[in-house]
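Undergrad: sequence unknown, structure follows:
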């Protein structure tokens, strides 16, 4: 059974930074690179941030049952290829709530869900600061979408919550996640 640490949270809560720190601290984990049909954002690199595919290539992968999960969002498809998951390693990745739910429904996957939370003000400021010329309308749209996406989650959906309110370093937050993985109800050790 493939073991997955499914990191999720609202936009600009620090998911990517925490995942990168986890991978620096635990190079024995497998960093899951998900795939998408959306164009790269400023500074994103194919094969590092996402695997960027054409709509046709993504459709072929879906039809060939090569995807562990895939979701449509704003006319783009996001998904995780089974080939991105390793059998003998802990697979660490970032997913949206719908993707996490799909992964949790797959009987061949053992998921440990980690919710990264961050105050709204902190997330908005991070969103504004991460690009030279931020698209304010896009930041607002993503904020509103997060309100809807996370409104219906029950506390039983996650294994742990990590609070990222800028009071701790990203490395300390990554160490918290690793400690949760190590405890992981004994499943992942």
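TA: Noted; the coordinates are in hand. None of the values given here were measured: they were computed from a predicted structure.

Undergrad: Please give me every residue in contact with residue 175.
TA: residue 25 (Cβ atoms under 8 Å, 6 or more residues apart in numbering). All C-beta spots, glycine's among them, are computed from the backbone N, C-alpha and C.

Undergrad: so which strand or helix has it?
TA: helix 170-183 (DSSP states H and E).

Undergrad: Show me what counts as buried in that helix.
TA: 170, 173-178, 180-181 (16 or more other Cβ atoms under 10 Å).

Undergrad: for the chain, which spans come out with low pLDDT?
TA: Judged by pLDDT under 70, the chain has its weakly predicted residues at 153-158, 185-189.

Undergrad: can you give me the helices in it?
TA: 15-25, 55-63, 97-105, 120-129, 136-151, 170-183 (DSSP state H).

Undergrad: and the last one, how far from the chain's centre?
TA: Here helix 170-183 shows a centroid-to-chain-centroid distance of 15 Å under the convention Cα atoms, centre = their mean, to the nearest Å.

Undergrad: Can you give the contact residues for stretch 135-151?
TA: 10-11, 96-98, 120, 123-124, 127-128.

Undergrad: which one in the chain is furthest away from the centre?
TA: residue 133 (24.3 Å; Cα atoms, centre = their mean).

Undergrad: Redo the contacts of stretch 135-151 as JSON lines? Include distance to residue 146 and neighbour count.
TA: Output for the contacts of stretch 135-151, formatted as JSON lines (distance: Cβ to Cβ, whole Å; neighbours: other Cβ atoms under 10 Å):
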{"residue": "10", "distance to residue 146": "4", "neighbour count": "23"}
{"residue": "11", "distance to residue 146": "6", "neighbour count": "19"}
{"residue": "96", "distance to residue 146": "9", "neighbour count": "21"}
{"residue": "97", "distance to residue 146": "9", "neighbour count": "20"}
{"residue": "98", "distance to residue 146": "13", "neighbour count": "16"}
{"residue": "120", "distance to residue 146": "9", "neighbour count": "13"}
{"residue": "123", "distance to residue 146": "8", "neighbour count": "22"}
{"residue": "124", "distance to residue 146": "11", "neighbour count": "16"}
{"residue": "127", "distance to residue 146": "11", "neighbour count": "19"}
{"residue": "128", "distance to residue 146": "15", "neighbour count": "12"}
